[in-house]
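Peer 1: sequence unknown, structure follows:
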């Protein structure tokens, strides 16, 4: 599986990332010169020109400069191609988040720490930007864990699919490719894992200390949100809390104090769910947005999203065969956005929903009649009339 696209783009031009890619390519052109070398009866390919060999990282006698220079050398076309491809794919957004100076320091530090990991755990010389790219990819996992990554796959069939970055990077790139499938003696797995570890830990620390701004969708926010939800569930389970009535019933504790704590937890939970549902809609991940909306309305049935988002959710719930939730979402839309330009089409959809799937004749007739008065499209008028005739 190969990632071919991510669902977000940097707000600013990631000049530093482009410069790093250009430097890597320039050094590759200057240093790459494969030569067959015979060692006894066996031959090996020495990929570098003689002057460049001293810039590899050699664990037996490492030089200080080698912890940086090795990351700009590559042993072949496909080696540099995939390194630069992944650096382009994930590095642009990280560059945007860290800024140019911060990103350059982070990239070089990733190279150094992945080199240290290789020296401590391996004995063979190493070259390539893989460790630094792994650090950048680990940073991307922390900063944009729910961003959708479009994956191209081929297994009997060829196609594409979308996965959140946290699953693609965490499971596929880290665990499967570098922990489980250590099948090649030419791949510096320890350097990769050291790079990922540095990228994830360093970025979490940068977020925790406020050196880079937190966002409600980053990994640290996800952990905090999960902790708030756990506390909320614990409070609810202890207090017999009814989220729909907003009341606590206890016999031996101060009800007002407990209700205040629970209400705060519930308010934060609602805010988190609304923010995350909105973000999922903006990324066109409507299925996840609909799931979050249903979770939101379980806590507070009166919740409604902005006009366009509410309609998108109602449509998605209908597409998911969530008839009751979809009807409720449409009802809220009609009650709160009465000046919507195409309100008759929403009324038609709700009428069909009540007629065909929920078997609620009175509501179906009500909305179909209201739609019939305003519809102008001949096809929609006929659909409305046909549905009404079935209800007679």
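Peer 2: Here it is on my side, so go on. These numbers come from a predicted model, not from an experiment. Numbering: from 1, shown residues only.
Peer 1: which stretches of the stretch 151-300 of the chain form helices?
Peer 2: 165-167, 189-208, 219-239, 255-282, 286-299 (DSSP state H, counting those that start in this stretch).
Peer 1: to residue 154, which of those helices lies closest?
Peer 2: helix 165-167 (19.2 Å; C-beta to C-beta). Every C-beta, even on glycine, is put in place using the N, C-alpha and C of the backbone.
Peer 1: can you list contacts of the closest one?
Peer 2: 6, 140, 141, 144, 145, 146, 147, 148, 149, 219 (C-beta atoms under 8 Å, 6 or more residues apart in numbering).
Peer 1: pLDDT below threshold where in this structure?
Peer 2: Low-confidence segments of the chain (pLDDT under 70): 37-43, 232-233, 235-262.
Peer 1: please parse it into its domains.
Peer 2: 2-208, 215-303, 329-392 (automatic domain parsing).
Peer 1: tell me which of those sits most buried.
Peer 2: domain 2-208 (a mean of 18; mean count of other C-beta atoms under 10 Å).
Peer 1: any idea how far apart the tips of it sit?
Peer 2: 32 Å (C-alpha to C-alpha, to the nearest Å).
Peer 1: and that domain, how far from the chain's centre?
Peer 2: 20 Å (C-alpha atoms, centre = their mean, to the nearest Å).
Peer 1: same thing with stretch 344-356?
Peer 2: 34 Å.
Peer 1: residues in contact with that stretch?
Peer 2: By C-beta under 8 Å, 6+ apart, stretch 344-356 touches 311, 314-315, 318, 323, 326-327, 330-331, 333-334, 340, 360-361, 363-368, 370-371, 373-375, 380, 383-384, 387, 390-391.
Peer 1: thinking again about what came up before, from the contacts of helix 165-167, which land in strands?
Peer 2: 6, 148, 149 (DSSP state E).
Peer 1: and those residues as a markdown table, adding distance to residue 208?
Peer 2: Formatted as a markdown table, the ones in strands among the contacts of helix 165-167 follow (distance: C-beta to C-beta, whole Å):
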| residue | distance to residue 208 |
| --- | --- |
| 6 | 25 |
| 148 | 26 |
| 149 | 25 |
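Peer 1: hang on, the earlier thing: out of the helices of the stretch 151-300 of the chain, which gets nearest to residue 120?
Peer 2: helix 189-208 (7.9 Å).
Peer 1: neighbouring contacts of that closest one?
Peer 2: By C-beta under 8 Å, 6+ apart, helix 189-208 touches 106, 109-111, 113-118, 120-122, 126, 130-143, 173-174, 178-179, 182, 212, 214, 218-220.
Peer 1: on that earlier part again, nearest to residue 49, of the helices of the stretch 151-300 of the chain?
Peer 2: helix 189-208 (22.5 Å).
Peer 1: could you pull out the strands in the chain for me?
Peer 2: Remark: strands assigned in the chain by DSSP E are 2-6, 32-39, 42-48, 148-155, 157-164.
Peer 1: could you dump those to TSV with distance to residue 224?
Peer 2: TSV is the format used below for the strands of the chain (distance: least, C-beta to C-beta, whole Å):
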stretch	distance to residue 224
strand 2-6	24
strand 32-39	47
strand 42-48	46
strand 148-155	22
strand 157-164	18
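Peer 1: what bridges to residue 153?
Peer 2: Residue 153 has these beta-bridge partners by DSSP bridges: residue 159.
Peer 1: for stretch 62-77, measure first residue to last.
Peer 2: 26 Å.
Peer 1: give the contact list for the residue sitting nearest the centre point of the chain.
Peer 2: Central residue of the chain (C-alpha atoms, centre = their mean): residue 146, 1.9 Å from the mean position. The contact partners of residue 146, by C-beta under 8 Å, 6+ apart, come to 164, 165, 166, 217, 222, 279, 280, 283.
Peer 1: the fifth one is in contact with residue 145, isn't it?
Peer 2: Yes: here residue 222 reaches residue 145: they are 6.3 Å apart, a contact under C-beta atoms under 8 Å.
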